[in-house]
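Novice: Quick one, fold the following:
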Amino acid sequence: MATDFTVLSDAAVQALFRAFTKDDVKFMAEALRSAFHAYSTAEESKYQLHRSAITRPSGRTTLFMPSTLEIGSSVKMVGVPAPGEDSTLRCTLTICDNIGQCIGVINAGEFTAFRTSLGAMLIFDQRTRVGNIVIFGAGKQAFWHLRLAIILRGKNIECITVINRSQARGSQMVHRVKQECGNAADHIVFHIVEAGDKSREHTYHGDIQCADVIFCTTPSTEPLFSTEVLAASSQSKRYISAIGSYRLDMQEIPPDYLQWYTKLECREILVDSGEAAYLEAGEIVKADIKPEHILEMGQLVERERTTTGEAVRSLQDWLENDNVVYKSVGLGIMDLALGKALIDLARERGVGVRLVDF
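Specialist: Numbers count the residues shown, from 1 in each chain. All right, here's what the predicted structure looks like:
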């Protein structure tokens, strides 16, 4: 049986994203929340295959990231260049419906940065205080964190500090943010701090201490800041999100901070997948975080839906006002759920190439 088939090029994806309103972002966020919930509470996790990789003699690697949910299935392929080649990743996402009929293909370079960043926004959008934001990194992930943050809470943001090894790249990223956010970013003060090595860490201690939100988007092998710096801060409650490290030899958040957070604060670390966190999140493994201190985002969604009485206020107060840590390594279900939602929006708005008899 023939069905609609949609092709979204990089230009088409960016055209959709550039026109995104707050309602569009919330629509996509709800699709992601539903996918997380299914993964954690409807036994969808047991139907997921772990990503695999093949490296050719040339040194080029292809990653395969499959996923399946009740709504359908998908495979994302990521081309990783050989050492010394252009470092740009090439990503393609293929999506099928729940009977296996292919419904679309998406150029997933920009899309992948968007979907990962959107995961961090699920908590960010609930926070009471978001006035001062510090972000580590200046790549696509960093851009999308700021773009989405401004769409969702731009009126509440006063200052954004970008900390990156290259000030020039940080400036380029801020220029793109201002260009795409338009008037929504006019009142925001941007600072760019060059942090080439540990000897320059003191130059941004003050920014860290004043931060209501810290976004980490770099594949760092060392913590990006110290627990001592946070401890010396008058701003004692903040939201920290880390999405850049994805191997056990990487870490963005200090392991001793995670130990303090889980043992002394008695809080849970929010993750996309507990299983994946122990396989890929270096800071969680280095901190020896126990499973009882890990809470999957889908489990949080379930807790929000089922909590009653006084416990509702306690849960809200934690998510809105207290210390919260979110660690993501990325899941295939994020690609599937958001890719399908994006195809739906593209068809509704006449974006992309559409075949009605594929």
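Novice: quick one, what contacts Pro66?
Specialist: Pro66 makes contact with Gln48, Leu49, Arg51, Ser73, Ser74, Val75, Gly332, according to C-beta atoms under 8 Å, 6 or more residues apart in numbering. Glycine gets a C-beta too; all of them are placed from N, C-alpha and C.
Novice: among those, which one has the lowest pLDDT?
Specialist: Lowest in pLDDT among the contacts of Pro66 is Arg51, which has 84.
Novice: Quick one: residues contacting that residue.
Specialist: Leu63, Phe64, Met65, Pro66, Gly332.
Novice: ranges for the helices of the stretch 251-358 of the chain?
Specialist: 255-259, 274-280, 282-286, 297-306, 310-321, 332-349 (DSSP state H, counting those that start in this stretch).
Novice: buried residues in the longest one?
Specialist: What that stands for is helix 332-349. By 16 or more other C-beta atoms under 10 Å, the buried positions in helix 332-349 come out as 332-343, 345-346.
Novice: what is the rounded mean pLDDT of stretch 335-348?
Specialist: For stretch 335-348, the mean per-residue pLDDT is 97.
Novice: from the chain's centre, how far out does it sit?
Specialist: 18 Å (C-alpha atoms, centre = their mean, to the nearest Å).
Novice: got it, and stretch 208-222?
Specialist: 13 Å.
Novice: Please parse the protein into its domains.
Specialist: 5-112+333-355, 115-330 (automatic domain parsing).
Novice: for the contacts of Arg51, which one is nearest Tyr204?
Specialist: Of all those, Tyr204 sits closest to Leu63, with 33.0 Å by C-beta to C-beta.
Novice: tell me the SS of that closest one?
Specialist: strand (DSSP: H, G, I helix; E, B strand; the rest coil).
Novice: how close does it get to Ile208?
Specialist: 33 Å (C-beta to C-beta, to the nearest Å).
Novice: Give me the more crowded residue out of those two.
Specialist: Ile208 (23 against 15; other C-beta atoms under 10 Å).
Novice: show me what contacts that one?
Specialist: Counting by C-beta under 8 Å, 6+ apart, Ile208 touches Val134, Ile214, Phe225, Val229, Leu230, Ser233.
Novice: roughly how far apart are the first one and Gly332?
Specialist: For Val134, the distance to Gly332 under the criterion C-beta to C-beta works out to 30 Å.
Novice: The residue lying closest to Asp256 once chain neighbours are set aside and Thr218, how far apart?
Specialist: When the adjacent residues along the chain are set aside, Asp256 lies closest to Thr227, with 5.0 Å between them (C-beta to C-beta, 6 or more residues apart in numbering). From Thr227 across to Thr218, the span is 18 Å (C-beta to C-beta).
Novice: go on, Arg238?
Specialist: Distance from Arg238 to Thr218, by C-beta to C-beta: 18 Å.
Novice: Please apply the same query to Glu310.
Specialist: From Glu310 to Thr218 the distance is 40 Å (C-beta to C-beta).
Novice: list the buried ones in stretch 159-179?
Specialist: For stretch 159-179, by 16+ other C-beta under 10 Å, it's Cys159, Ile160, Thr161, Val162, Ile163, Asn164, Arg169, Gly170, Met173, Val174, Val177, Lys178.
Novice: if I look at the residue nearest to the second one when sequence neighbours are not counted, how far off is Ser220?
Specialist: In this case it means Ile160. Closest residue in space to Ile160, ignoring its immediate chain neighbours: Ile133 at 4.8 Å, by C-beta to C-beta, 6+ apart. As judged by C-beta to C-beta, Ile133 and Ser220 stand 18 Å apart.
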